[in-house]
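J.: what's the 3D shape of this:
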Amino acid sequence: MDTPAQIIENELALQRPEIRRDRAAVLALLAADFVEVDADGTAWDAQGVAEAIASQPGYVMPTVSGMVATPLSPDVHLLTYRDETKAHSSVWIRGDSDRWVLRFHQQTRFPR
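T.: Sure, this is the predicted structure:
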């Protein structure tokens, strides 16, 4: 699988309910120093995100569009996309064992 396709697949995995319920699976996709800034401006670390998303009852995977992975360097890619209510930006880095892990994610609400 080429790099952009792998990054997109990893991002989509983090949206799948069965992955989100599995803290270890989520943490395997996040860098140790991962940071997320959610749409409310709250910053989260890897453990906080794994705990929060594991306990979202009734979560439904959003419909996403416009996923584009842009290389910033050979080991860093920026992924941008939208869902029904937010714009998303993710920075993926090539981690240990040549695996792609999520280092930073930000959500921004947009007007309907």
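J.: going forward, measure contacts and count neighbours with C-alpha atoms only.
T.: Fine.
J.: hang on, Thr80 packs against Ser89?
T.: Yes - here Thr80 reaches Ser89: they are 4.6 Å apart, a contact under Cα atoms under 8 Å.
J.: find residues that contact each of the two.
T.: Common neighbours of Thr80 and Ser89, using Cα atoms under 8 Å, 6 or more residues apart in numbering, do not exist here.
J.: buried stuff in the lengthiest helix in the chain?
T.: Determined from DSSP state H, the single longest helix within the chain is helix 3-13. Using 16 or more other Cα atoms under 10 Å as the test for burial, helix 3-13 gives 4, 7-8, 10-11, 13.
J.: contacts for it, please.
T.: Applying Cα under 8 Å, 6+ apart, the set of residues contacting helix 3-13 is 19, 29, 67-70, 79, 92, 100.
J.: what's the farthest-apart pair in those?
T.: Using Cα to Cα, the two most remote members of the contacts of helix 3-13 are Ile19 and Thr70, lying 24.8 Å apart.
J.: what about the two, which has more around it?
T.: Ranked by neighbour count (other Cα atoms under 10 Å), Ile19 and Thr70 place Ile19 first, with 16 against 13.
J.: run through who's touching the helix or strand where the more buried one lies.
T.: For Ile19, the host element (DSSP states H and E) is helix 17-20. Identification of contacts with helix 17-20 by Cα under 8 Å, 6+ apart yields 13-14, 25-26, 50, 53-54, 59-61.
J.: can you show me the CA trace of the helix or strand following it as CSV?
T.: Next helix or strand after helix 17-20 toward the C-terminus (DSSP H and E): helix 23-29. Taking C-alpha atoms only, helix 23-29 is exported to CSV below (Å, rounded to 0.1, in the frame of the first residue of the first chain):
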residue,chain,number,x,y,z
ARG,A,23,-7.9,1.4,23.6
ALA,A,24,-4.9,-0.7,22.6
ALA,A,25,-5.8,-0.5,18.9
VAL,A,26,-6.3,3.3,19.2
LEU,A,27,-3.0,3.8,21.1
ALA,A,28,-1.2,1.7,18.4
LEU,A,29,-2.1,4.3,15.8
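J.: next, the buried residues of helix 23-29.
T.: 23, 26-27, 29.
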